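1. my questions are about this predicted structure, shown below with the sequence.
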Amino acid sequence: MNFNKIYALGLRHLYLIMNSFPRVLDLIYWPTVQIFLWGFISKFFTLNSEYYNNTVGVILTAAILYDFLFRASISFNMMFLEEIWSRNFTNLFIAPIKIREIIAALTLTAILRTLIGLVPAVLISVPLFGVSILKLGLPLIFLLLSLYLFGITLGLLVTSGLLRYGPSFENIAWASLFFLAPLGCIYYPIEILPFALQIIAKGLPLVHIFEEMRNILMTETVNYLNIFKSIIISVIYFFLGVVVFYLSYFGAKKRGTLINMGE
Amino acid sequence: MFIEIKELSKFYNNSLAVNKISFEVYKNKTLGLLGPNGCGKTTTIGMILGLVSPSEGEILIENKNINKFKRDEILRRFNFASPYVELPKKLTVKQNLEIYGRLYGVGNLNYRINEISNDLDIKNFFNKKTGELSSGQKNRVSLAKSLINKPEILLLDEPTASLDPDIGDFIRSYIQEYKSKNKVTILLASHNMGEVERLCDSIIMMKKGKIIDNGTCEELIKKHGRNNLEETFLKLARSKDEF
C-alpha cells in the first residue's frame, strides 16, 4: 500500500467538497431532516408506547446509527460515481495505483463525507430532543465500526455492479440500503419478523447492532458478545465485498467496459 | 524493440474487435495508428493501457510480457491523453495536476507542475475549474496531465480533435518540441492526416480489426500511388478487403 497515492485520491474528493458549498449543504441537509423527523417520532413513542416507556431517544438513536450506515455506503458509491460522471474513470484506472489502494482511499475518504453530514445532525439532537448517542458509552465505537464496515461493504457491492453493468446500475446504488432495512430490525425487535426472516436477519450485522443498542439504552447493560458477533459478521461481508469488487474489475477488463465507462 | 505487439486479438461476445495484429514500436519513435471509426484503434490502446484484457496474443515491453510487470510498476511508465477522457470538472487545473502528480509519484511536484504549466501556457487559468475551460484549454490541461510523470510511453488518442487550427497547431508543435527534448515513445491515434504526417515516424493502417498496411508516410503514399496521406487513407479505407 502506498499511502501517498491513497492520500492523493482522498485529496481529490476533499477538493471536490471544498470547491462546492452546495455539495457541503447537500451533505448536511438530509441527515438533519432525518433527525428532525425521527426526533418527533421518537418523542411521540416515548410518551405513548409501553415498549419504549421512559426510555428517551431509542428511536432517534436508531435513526442516527442507521443514517451513519446509510451515509457511509452512499459516500462510497458517490465517490465512485463522481469518477464516472466526470468522465475521469479512464484516467483513474490507468494511473499507477493498485486496486486495493483505490478501495482503501474510498473507504477512508467515505468517513469524511459521512461525518460532515452526520456530526451537525447529531449535535442538534442534544438541545432539540435531549438525545445524545454518546449515552451508548464505549460500545458506541464498536457499533459504529461494525456499521461502517457493513456500509462500505454495501458500497463495494454496488460499485462492483457499476463496474459490471455500467452507469445504468446507478439506481441500485440508491435502493440497496432500503432493500436491507426491513431485515435490519432498526426500529423494532427481531421477534416482530416472521421466523424464516429472523434466520436471514441474524446473518446480517444490523440485527445484532440495533438489538444491542436497544439493550444498552433500555437495560443499561452491555452484551459484548452481540457487539463481537456484529463485528465478525461485518468483517466477513467486507472481505466478500472486496472479492466481488476484484472479480467485477477483472470481468470489466474482459468485457472492455472500463474503456467506455461514463459514455 | 521497445513495444512489441504479437498476434493480439480481442473478442467481445461473438464479434471480433481486434484480429491477430502484430506490430513493433521502436524506442523514442512515434507510431501512428490510423483507420476508420470502429477499426479497433481504441480497443488496441485499451489493451496496451491494461483497461481491456486481450483474448489472445501478448504485449511485450522491452521483451517482457506486460502481465509480468506489477500494475503500478508498468503504469508509472505510461500516460495517456484523449479529448474523450476528462479530468474532474469541479477541481481547478492546479488541483488536478497536483492529484495526478501524486498518483504518478512525481518527485519535486511543484517544480514539475510549474514547468509543464509554463510550457503549455496554462498558468493564466491555473485556478479555474477544469469544467469551465474551453476545448482548447481543456486539451492543453489534459496534455499537461499526460506529461506530468515524463512518461516513457505516451498514448495519444486524437489529441487535437475538435480544436481550432491555431490551438491544434500549438499542440502539434508542442508534441514535436517535447519529443525532440525528451526520451518518449509515442503511439498516436488520429484522423488528422496532416498531424500524422508531421508527428509520426511510421504508421499502421487498421480496418475491421486487422492491420492492412504499414510503413512510413512516404512509403505508403508512394506504394498506393497517391499524392498525400489523406488520399492514401481514403483508398485503403474504401477498399474491399483486398489487403
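-> Good, I have the coordinates.

2. where do the strands sit along chain B?
-> Using DSSP state E, the strands of chain B run over residues B:3-12, B:15-25, B:30-34, B:56-61, B:64-65, B:78-81, B:153-157, B:185-189, B:202-207, B:210-215.

3. and these: which comes nearest residue A:191?
-> Among these, the nearest to residue A:191 by Cβ to Cβ is strand B:3-12 (51.8 Å). (Each C-beta comes from the backbone N, C-alpha and C, glycine too.)

4. mind saving the C-alpha coords of the closest one as PDB?
-> C-alpha atoms of strand B:3-12 as PDB (Å, rounded to 0.1, in the frame of the first residue of the first chain):
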ATOM      1  CA  ILE B   3       7.000  -2.300 -27.600                       C
ATOM      2  CA  GLU B   4       6.100  -5.400 -29.400                       C
ATOM      3  CA  ILE B   5       2.500  -6.500 -30.100                       C
ATOM      4  CA  LYS B   6       2.200 -10.100 -31.000                       C
ATOM      5  CA  GLU B   7      -0.900 -11.700 -32.600                       C
ATOM      6  CA  LEU B   8      -3.100  -9.600 -30.400                       C
ATOM      7  CA  SER B   9      -6.900 -10.300 -30.600                       C
ATOM      8  CA  LYS B  10     -10.000  -9.200 -28.800                       C
ATOM      9  CA  PHE B  11     -13.400 -10.800 -29.000                       C
ATOM     10  CA  TYR B  12     -16.500  -9.200 -27.500                       C
END
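
5. residues of it that come out buried?
-> Of the residues in strand B:3-12, B:3, B:4, B:5, B:6, B:8, B:9, B:10 count as buried by neighbour count, 16 or more other Cβ atoms under 10 Å in any protein chain shown.

6. so which of the strands of chain B is nearest residue A:256?
-> strand B:3-12 (6.1 Å).

7. which elements pack onto the closest one?
-> strand B:15-25, helix B:41-49, strand B:56-61 (3 or more Cβ pairs under 8 Å, 6 or more residues apart in numbering or on different chains; DSSP states H and E).

8. next, count neighbours for residue B:160.
-> 24 (other Cβ atoms under 10 Å in any protein chain shown).

9. could you do residue A:101 as well?
-> 22.

10. which parts of stretch B:55-72 are buried?
-> Across stretch B:55-72, burial judged by 16+ other Cβ under 10 Å covers B:57, B:59, B:60, B:61, B:66, B:69, B:72.

11. show me what from the stretch 151-263 of chain A comes close to chain B.
-> A:250, A:253, A:254, A:255, A:256, A:258, A:259, A:263 (Cβ under 8 Å from any Cβ of the partner chain).

12. recalculate using a threshold of 7 Å.
-> A:253, A:254, A:256, A:258, A:259 (Cβ under 7 Å from any Cβ of the partner chain).

13. would you confirm that the last one belongs to a strand?
-> Going back to what we said before, that points to residue A:259. No: read with DSSP: H, G, I helix; E, B strand; the rest coil, residue A:259 is helix and lies in no strand.

14. tell me the spacing between the spatially closest residue to it that is not a sequence neighbour and residue A:137.
-> In space, residue A:259 comes closest to residue B:46 once its chain neighbours are excluded; the distance is 4.2 Å by Cβ to Cβ, 6 or more residues apart in numbering or on different chains. Distance from residue B:46 to residue A:137, counting by Cβ to Cβ, to the nearest Å: 53 Å.

15. SS state for residue A:80?
-> Local secondary structure at residue A:80 is given as helix here, using three-state DSSP.

16. count the neighbours of the closest residue to it other than its chain neighbours for me.
-> Using Cβ to Cβ, 6+ apart and skipping the chain neighbours, the partner closest in space to residue A:80 is residue A:159 (4.5 Å). For residue A:159, the neighbour count with other Cβ under 10 Å is 27.

17. can you tell me the element residue A:159 falls in?
-> helix A:139-165 (DSSP states H and E).

18. got the buried residues for that helix?
-> Buried residues in helix A:139-165 (16+ other Cβ under 10 Å): A:139-140, A:142-144, A:146-164.

19. now stretch A:19-29: average pLDDT?
-> For stretch A:19-29, the mean per-residue pLDDT is 86.

20. how deep is the residue nearest to residue A:259 tucked in, by neighbour count?
-> 27.

21. picking that back up, counting by contacts, list what the helix or strand that the helix holding residue A:159 is followed by packs against.
-> Remark: after helix A:139-165, the chain's next helix or strand is helix A:170-184, criterion DSSP H and E. Using 3 or more Cβ pairs under 7 Å, 6 or more residues apart in numbering or on different chains; DSSP states H and E, the elements in contact with helix A:170-184 are helix A:58-85, helix A:139-165, helix A:195-202, helix A:205-219.
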